[in-house]
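> return a 3D structure for these sequence lines:
(one chain, ligands or ions: 2)
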Amino acid sequence: MSRAATAIGVLGAGSWGTALAIQLARNGQAVSLWARDPEHVAAMAADRRNARYLPDNAFPDGLQPTADFDAAVAAGDVVLVAAPSHAFADTITRLQPLLQPGQGIVWACKGFEPGTGRLLHEVAQKQLGDDVPLGAITGPSFAREVAMGLPTAVTVAAFDEDFSREVAQRLHGEAFRAYTSTDMVGAELGGAVKNVLAVATGIADGMGLGDNARAALVTRGLAEMMRLGEAMGARPETLTGLAGMGDLVLTCTGDLSRNRRLGLALGRGDDIETAVRDIGQVVEGIGTSTEVRRLSKAHDVSMPISREVFGIIHQGQDPKACVRRLLARDQKPEHAS
Ligand SMILES: NC(=O)C1=CN([C@@H]2O[C@H](COP(=O)(O)OP(=O)(O)OC[C@H]3O[C@@H](n4cnc5c(N)ncnc54)[C@H](OP(=O)(O)O)[C@@H]3O)[C@@H](O)[C@H]2O)C=CC1
Ligand SMILES: O=C(CO)COP(=O)(O)O
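Ligands and ions are numbered 1, 2, ... in the order given. Model (predicted):
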């Protein structure tokens, strides 16, 4: 099969893979959208929509669902991975032997490798070496709104500026602005850490703590993200930009956020298993809270809000006790000198 700059394979037909596939097809790309379940593929092909994840959005003509992983990888010069972060490493391992010279990989997953805290570009680089162009799509972007064609801005980060430009050009279009960045660490860190902070603000809102508390959590959460970012080599402007502050504002305030919705349920006193089942889609903040805890310890960075989210999710701690602990912390200057 010949590969072309006007064709692309998207691996993962959840809500975000499907929305990005719709956006790419809107821009005239021939899109092969791969899903792992052949029945799901058959249903999408018949309905010309993804009834499981984005039922309200019809597929543009250029979008073809496929159950053929190899064909999706071979479709274009760029392969877009849109699996949850816990499936990222396996996806890279599976596609590695299929990669042809000149092909690049970009992903839309927001999280860390479970168990190691590695950023996804570190996972990909370790597996593939330095010769394969790699990039990450991040920023404030609810799948449903992108699929509807509502105005959205994202960042495409890659060490290789030509590659980030190429991916951005494929995505950029009417109502969809794709910026570029060379700060992979900041772009990936912002998109991952915001998941934990969206759970935190959801919990506060679920407990009825008010608008002041939400604004305080967003702002102090950003301070946590920036401290970790400084320790890990992120650029501060990335974290005050779309990948950090932008996504933080979106997911800490927008009820389409699955992470915020998990928090709302926990804050109302629901148990986590029921909340996750009711949401029915990936909630990255659950695993990410463990990895943020790991990284904050490894880099000796104070992240009290993220720590309490970890305690509530993984240690069964009472949200009320967590709030009391946060409020009882020592008084101090807002900005460390
Ligand atoms: N939805 C959004 O608005 C946005 C999501 N993201 C990020 O995109 C990534 C994907 O999320 P999203 O599409 O929303 O998730 P969804 O829950 O909507 O869909 C999950 C998708 O991943 C597949 N999947 C689940 N487990 C595995 C696995 N072990 N191996 C391979 N595939 C698997 C599912 O397949 P199946 O149906 O067969 O179970 C499904 O296609 C996440 O990292 C998320 O943070 C980023 C920006 C926006
Ligand atoms: O990352 C997202 C929007 O930018 C999606 O957020 P949730 O995973 O919390 O739904």
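> can we go C-alpha only for contacts and neighbour counts from here?
OK.
> the stretch 101-250 of the chain against ligand 1: which residues are in contact?
108-111, 141-143 (CA under 6 Å from any ligand atom).
> so which of those residues reach ligand 2?
Answer for these near ligand 2 (CA under 6 Å from any ligand atom): 141-142.
> among the residues of the stretch 101-250 of the chain next to ligand 1, the buried ones, what's the ChimeraX command?
To isolate the buried members of those in ChimeraX, using 16 or more other CA atoms under 10 Å:
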select :108,109,110,111,141,142,143
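> and the stretch 1-150 of the chain, which residues reach ligand 2?
By CA under 6 Å from any ligand atom, the residues of the stretch 1-150 of the chain that approach ligand 2 are 139-142.
> okay if I get those as JSON lines plus secondary structure?
Output for those, formatted as JSON lines (DSSP: H, G, I helix; E, B strand; the rest coil):
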{"residue": "Gly139", "secondary structure": "coil"}
{"residue": "Pro140", "secondary structure": "coil"}
{"residue": "Ser141", "secondary structure": "coil"}
{"residue": "Phe142", "secondary structure": "coil"}
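> ok, those vs ligand 1, which is closest?
Phe142 (3.6 Å; CA to the nearest ligand atom).
> for the nearest residue to the closest one once chain neighbours are set aside, what are phi and psi?
In this structure, Phe142 finds its nearest non-sequential neighbour in Leu256, 7.0 Å apart by CA to CA, 6 or more residues apart in numbering. With angles defined as degrees, to the nearest 10, Leu256 sits at phi -70, psi -20.
> quick check: closest non-adjacent residue to Pro133.
Spatial nearest neighbour of Pro133, excluding adjacent residues (CA to CA, 6+ apart): Gly104 at 4.6 Å.
> against Ala168, how distant is the one you found?
Using CA to CA, to the nearest Å, Gly104 is found at 13 Å from Ala168.
> before we move on, what about Val31?
Distance, Val31 to Ala168, using CA to CA: 16 Å.
> Asn195 too?
Separation of Asn195 from Ala168 (CA to CA) stands at 24 Å.
> ok, now Pro333?
Per CA to CA, Pro333 is found 40 Å from Ala168.
> swap in Glu188?
The gap separating Glu188 from Ala168 is 16 Å, by CA to CA.
> work out for me the element the spatially most central residue of the chain sits within.
In the chain, the centroid-proximal residue (CA atoms, centre = their mean) is Lys110; its distance is 2.6 Å. Under DSSP states H and E, no helix or strand contains Lys110.
> in stretch 281-298, what's buried?
Buried residues in stretch 281-298, counted by 16+ other CA under 10 Å: 282-296.
> filter those down to the ones near ligand 1?
When contact is defined as CA under 6 Å from any ligand atom, the buried residues of stretch 281-298 meet ligand 1 at 282, 284.
> Ala328: neighbour count?
By other CA atoms under 10 Å, the residues close to Ala328 number 9.
> let me fix that: Gly129
11.
> need the strands for the stretch 51-200 of the chain, in chain order.
Counting by DSSP state E, counting those that start in this stretch, the stretch 51-200 of the chain has strands at residues 54-58, 63-66, 76-81, 104-107, 134-138, 152-158, 176-181.
> just name the most buried of these.
Highest mean neighbour count among the strands of the stretch 51-200 of the chain (mean count of other CA atoms under 10 Å): strand 134-138, with a mean of 28.
> ok, and what's touching that one?
104-110, 121, 124, 154-160, 163-164, 184, 187-188, 191, 242-243 (CA atoms under 8 Å, 6 or more residues apart in numbering).
> what comes up buried for stretch 154-172?
Buried-residue list, stretch 154-172, by 16+ other CA under 10 Å: 154-159, 161, 163-165, 167-172.
> and which of the residues you listed is nearest ligand 1?
Val154 (9.4 Å).
> quick one, what contacts that closest one?
With contact taken as CA under 8 Å, 6+ apart, Val154 is in contact with 137-141, 176-179, 242-243.
> mind redoing it with 6 Å?
Shown in contact with Val154 (CA atoms under 6 Å, 6 or more residues apart in numbering): 138-139, 178.
> with adjacent residues omitted, what lies nearest to it?
Nearest residue to Val154, sequence neighbours excluded (CA to CA, 6+ apart): Gly139, at 4.5 Å.
> just the pLDDT for that neighbour.
Gly139 carries a pLDDT score of 98 in this model.
> can you tell me what sits against stretch 178-195?
Contacts for stretch 178-195 (CA under 6 Å, 6+ apart): 110-111, 153-159, 164, 168, 172, 234-235, 238-239, 243-244, 248, 259, 285.
> please apply the same query to stretch 246-266.
139-140, 194-195, 198-199, 201-203, 206, 283.
> the domain parsing of this structure - what is it?
Per the TED database, the structural domains of the chain span 7-182, 185-328.
> close to ligand 2, is the last one?
What that stands for is domain 185-328. Yes - Domain 185-328 reaches ligand 2 (CA under 6 Å from any ligand atom) through 195, 247, 251, 256-260, 283.
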